[in-house]
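A.B. asks: Quick check, what structure comes out for this input:
(chains A and B)
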Amino acid sequence: MSEHAVDRRDFIFRVGTGAGIAAIAYQASASLRSLVPNVSYDAPTTVKLGPVAEFPDGLKFLPDERLFVFREGNTFHAISAVCTHLGCTARAEALSSPETQQVGGKALRLTHRFQCPCHGSKYNGDGSNVSGPAPKPLAWYHLSLASDDGQLVADLAREVEHDFRLTV
Amino acid sequence: MAQTTTSPGVPRQTATAPGVHPRPFWSVRPQTDRQSGDAIVSNFLLHWFPAKTYKPSMDWTYSFWLGTTSAALLLLLTLSGGPLLFLYVPSVERAYASIKDIEFAVTFGSWIRSVHRMAAHLMVAAVFLHLIRVFLTGAYKNGVGQGQRREWNWVIGVAMFLLTLLLSFTGYLLPWDQLAYWAVTVGTNIASSIPVIGPTVRELLLGGRAIDQPTLIRFYVLHVIVLPGALGGLFLYHMWRVRKDGGLAKADAVALLGDRIETTPVKTKTYTLLGVARGTAPAVRTSTIEAPDLTVNSVPDLTRRIAIVVLGTIAVLSLLAVYARSPLEEAANALVTPNPAKAPWYFLWLQEIVTDTTIRIGSFTINGAFIGGVVLPGLLVTLLTLWPWIDKSPLAAAGVWLPRTRRAQNAAFLAIVAIVIVFTLIGTFCRGPYWNFYWPWQAWPEIPTRL
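C.D. replies: Numbers count the residues shown, from 1 in each chain, chains lettered A, B, ... in the order given. Alright, predicted model coming up:
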C-alpha cells in the first residue's frame, strides 16, 4: 500500500462530503429552476384596434398597445412607441410643417416626430433614430383587417419593413 | 413565597454547576466577582471588540466613523422595516394603496416610512463615503501582523456596497408608483441588453415577459429576505475580519512607527474575575506588543464612541424623518412614461452614462444600455475589487490619509469619484423633459402630459 492511499476514514469522509455537496447543489438548482417561468400570461400579440372609421387622418396613439397608428386617406401603417434604447414609451410631437418623404420606396407624409422621456432619444416621423442613445429605429408592425368584423388588427409579434402600408 | 427572604445587596445562593448561568439575564449589577466575570465573558459586545484599542484608530478624523454610521443606519432600516412588513401588501393591485395608507392613515406611519427611506438614502451615502475613506487611507493593505487578509475585507466591502444599492433599488420599486414601474422597465431592459443571455435574465427578473405581479413579488422577496440576509451575513464576516486582521490599518501604521515596549509583569484582577486564577491580584506575565501610552481599554473608550455614533445617528435620523416627508408619485401607469423619468439620485450617474454611451461604427451600433449599464459599471466594480492586488505602494502608506506614495492612484480614484458626482449633479439639476439639458435656473418648457 502506498503512502498516499486513501484509507477507509478518508474514503468515507470524501463520499460523505461529495454526497452532501451533490444534494445541496441539486436542491439549489431545483429551487432556482422553479423560478424560471414555464407559462407566460402575456397579453395577446394580435390585437383588434377598433373599426377603421374610428381612426382619423393623421396619428392616433394607442397607449395600451404602445402603438402609433397613422392614416393617410385609405392607407394605414403602425409604428411602435417602445423606445429601442431601454423600453420607455416615446411621445409623439406634431411637426409644424409636415413633409412628404420616400419611406421604404414609397411616398409617406411625415406629420410627427418622436422623443423618449427617459434618455432623450429622438426619432423621425418614420421611426428612424436620429439622435440620442437609441440604437435602432422604432419597430413597424403588421396591420390587417379582421375577417369577422373588419376591425383594424395589429400583430405586435410581426415586425415589417418600412414599405408596409395597409390599404383599405 | 414568604420563604424566599432575599434582601437587596445580599448575594443569593446560586448553583455552582459548571456552565450553568443561574440568573435569567446577564449580570447588569454584579454582586460577586464571579458575576462580574460572567458579565464580561458572556457580553457579546465585549466579545466583539478586543480588550485594548489603539487610540489613533479611534480618531474622529481618521475614519470619520463612517462604517459605524453605516451599521447604525442598517440597524435603523431593520427596525423601521419591521412595522412596514406588517403594513405593506406586495400586490400590484394593493401595493400603492397600502403605501398610501402607511403615509396618510396609519398612526406614525409616515414617520416610520420616512425613517426607512431617509436611512436608506443616507446609508448609500455613508457606505460610499466609507469606501472612499478606506481607499484614500489604503486601509485594505496588510501591515505588520501575521496572516492578515485585509484585501478580502475590501472585497467583502465592495460586495456590501453593491448589496446596499440593490436593496435601495428593490426598495423603491415596492410602492408601485410611476417611479417604480419605469425604474423596473429601465433596470430590467439594461439586463436585457446583455448579448445572448440578456432576454433570459430579464425574464427571470420579471417572472415573465411583462411587468406584473410575478415581478413585484420577486423584488419584494429580494428586498425583505434575500438581500438583507446576504448583507447581514457579510456584515458579520466584515466585523469578524476587522478583528482578525488586528483592527484598522491605522493600528499597523502606529505599530510601525515606534519600538515595541516590553511591559513588566503587572498585577491584574482579570484572571481572577474570569475564574482561571485565585487571589485578588495575581501577577501575570504579559507579552504585549501594544504601546501602553497608545492603547486604551476598549471598554469604555471604544464602546463609548460607538454609542455616541450609533445613538447620534438614531437621534439625527429620527428628527430628520419628522421633517422630511417621503414622496409618492402617481400610481404605476404602464400607459404613460413620466417626462422626465428620473432614477433616484444615486443611480442618476448611470442614467447619464446609458444616455451617452451608444456607440456607432458605420452601420454597426452597440446600445448604450449595454455599454453604460453593464460594461462600464462592470469594469468599475472589477477594478475596485482587484485594486488591493494592483496597489504596490509601501506598507507605510497604509492607514495614512493621502500619502505621497499613493498620490497617483488616489488622484485617479478621486477623478472617477468626481466624474460620478458630476454626472449625478447633472442628472439631478440639469436634466428636464426628454432628458434635455437645462441649467437649474432655466425654466422647463410646458409639455402636455397626455397626447
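A.B. asks: any idea where the strands of the chain begin and end?
C.D. replies: No chain in the question, so chain A it is. A:46-50, A:58-62, A:67-72, A:75-80, A:91-103, A:106-115, A:122-123, A:129-131, A:140-145, A:152-159, A:166-167 (DSSP state E).
A.B. asks: Oops, wrong one, chain B.
C.D. replies: Counting by DSSP E, the strands of chain B are B:52-54, B:266-267, B:283-284, B:295-297, B:359-361, B:364-366.
A.B. asks: Now render those as a markdown table, adding distance to residue A:111, mean neighbour count and mean pLDDT.
C.D. replies: Placement of C-beta: from N, CA and C, glycine included. Output for those, formatted as a markdown table (distance: least, C-beta to C-beta, whole Å; neighbours: other C-beta atoms under 10 Å in any protein chain shown; pLDDT from 0 to 100):
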| stretch | distance to residue A:111 | mean neighbour count | mean pLDDT |
| --- | --- | --- | --- |
| strand B:52-54 | 73 | 21 | 85 |
| strand B:266-267 | 91 | 12 | 65 |
| strand B:283-284 | 92 | 12 | 58 |
| strand B:295-297 | 77 | 16 | 85 |
| strand B:359-361 | 27 | 10 | 80 |
| strand B:364-366 | 27 | 13 | 80 |
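A.B. asks: So which of those is nearest residue B:314?
C.D. replies: Residue B:314 lies closest to strand B:52-54 among the strands of chain B, at 22.8 Å (C-beta to C-beta).
A.B. asks: May I have the strands that pair with that closest one, each with its orientation?
C.D. replies: When sheet partners are counted by DSSP bridges, strand B:52-54 sits next to strand B:295-297 (antiparallel).
A.B. asks: Return the distance of the partner strand from the chain's centre.
C.D. replies: A distance of 27 Å separates the centroid of the chain from that of strand B:295-297, by C-alpha atoms, centre = their mean, to the nearest Å.
A.B. asks: Now for residue A:54, how many residues are close by?
C.D. replies: Neighbours of residue A:54 under the rule other C-beta atoms under 10 Å in any protein chain shown: 11.
A.B. asks: Spit out the contact partners of the residue nearest to it when sequence neighbours are not counted.
C.D. replies: Excluding its sequence neighbours, the residue lying closest to residue A:54 (C-beta to C-beta, 6 or more residues apart in numbering or on different chains) is residue A:60, at 7.9 Å. Going by C-beta atoms under 8 Å, 6 or more residues apart in numbering or on different chains, residue A:60 touches A:54, A:68-69, A:71.
A.B. asks: let's see it at 10 Å
C.D. replies: The contact partners of residue A:60, taken as C-beta atoms under 10 Å, 6 or more residues apart in numbering or on different chains, are A:49-50, A:54, A:67-71, A:76, A:78, A:92, A:152, B:451.
A.B. asks: where does the stretch 151-300 of chain B have low pLDDT?
C.D. replies: Within the stretch 151-300 of chain B, the stretches with pLDDT under 70 are B:254-292.
A.B. asks: And the residue of it closest to chain A?
C.D. replies: Residue of the stretch 151-300 of chain B nearest chain A, by C-beta to the nearest C-beta: residue B:189 (4.3 Å).
A.B. asks: before we move on, the earlier item: tell me which of the strands of chain B lies nearest to residue A:121.
C.D. replies: Of all the strands of chain B, strand B:364-366 comes closest under C-beta to C-beta, at 12.2 Å.
A.B. asks: That closest one pairs with which strands, and in what direction?
C.D. replies: Here, using DSSP bridges, strand B:364-366 pairs with strand B:359-361 (antiparallel).
A.B. asks: quick one: contacts of the strand it pairs with?
C.D. replies: Contacts of strand B:359-361 (C-beta under 10 Å, 6+ apart): A:129, A:133, A:135, B:365-368, B:370-372.
A.B. asks: still on that earlier bit, which of the contacts of residue A:60 count as buried?
C.D. replies: Listed as buried from the contacts of residue A:60 are A:49, A:67-71, A:76, A:78, A:92, A:152; burial here means 16 or more other C-beta atoms under 10 Å in any protein chain shown.
A.B. asks: nearest to residue B:319, of those residues?
C.D. replies: Nearest to residue B:319 among the buried ones among the contacts of residue A:60 is residue A:92, at 47.5 Å by C-beta to C-beta.
A.B. asks: give the contact list for the closest one.
C.D. replies: A:59-61, A:68, A:70, A:79, A:81, A:111-115, A:123, A:125, B:451.
A.B. asks: one more time with 7 Å, if that's ok
C.D. replies: The neighbourhood of residue A:92, defined by C-beta atoms under 7 Å, 6 or more residues apart in numbering or on different chains, consists of A:59, A:61, A:68, A:112, A:114, B:451.
A.B. asks: repeat for residue B:348
C.D. replies: B:342, B:423-424, B:427-428.
A.B. asks: Can you select the buried ones among those residues for me in PyMOL?
C.D. replies: Applying 16+ other C-beta under 10 Å to those leaves a buried subset, and the PyMOL line that selects it is:
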select buried, chain B and resi 342+423+424+427
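A.B. asks: which one among the contacts of residue B:348 gets closest to chain A?
C.D. replies: residue B:342 (8.8 Å).
A.B. asks: that older thread, what about the residue of the stretch 151-300 of chain B closest to chain A, how many neighbours?
C.D. replies: 23.
A.B. asks: Next up, the contacts around it.
C.D. replies: A:86-87, B:369.
A.B. asks: just the residues you listed now: which is nearest residue A:165?
C.D. replies: residue A:87 (26.8 Å).
A.B. asks: what residues does chain B put near chain A?
C.D. replies: B:182, B:185-186, B:189-190, B:203-204, B:207-210, B:214, B:335-341, B:351, B:354-355, B:358, B:365, B:367-369, B:433-436, B:451 (C-beta under 7 Å from any C-beta of the partner chain).
A.B. asks: Separate out the buried members of those.
C.D. replies: Judged by 16+ other C-beta under 10 Å, buried ones among these: B:182, B:185-186, B:189-190, B:203-204, B:207-208, B:214, B:336-341, B:351, B:354-355, B:358, B:365, B:367-369, B:433-435.
A.B. asks: just checking, which of those belong to helices?
C.D. replies: Taking DSSP state H, the ones among these that sit in helices are B:182, B:185-186, B:189-190, B:203-204, B:214, B:351, B:354-355, B:368-369.
A.B. asks: what is the rounded mean pLDDT of stretch B:117-136?
C.D. replies: Averaging pLDDT along stretch B:117-136 gives 96.
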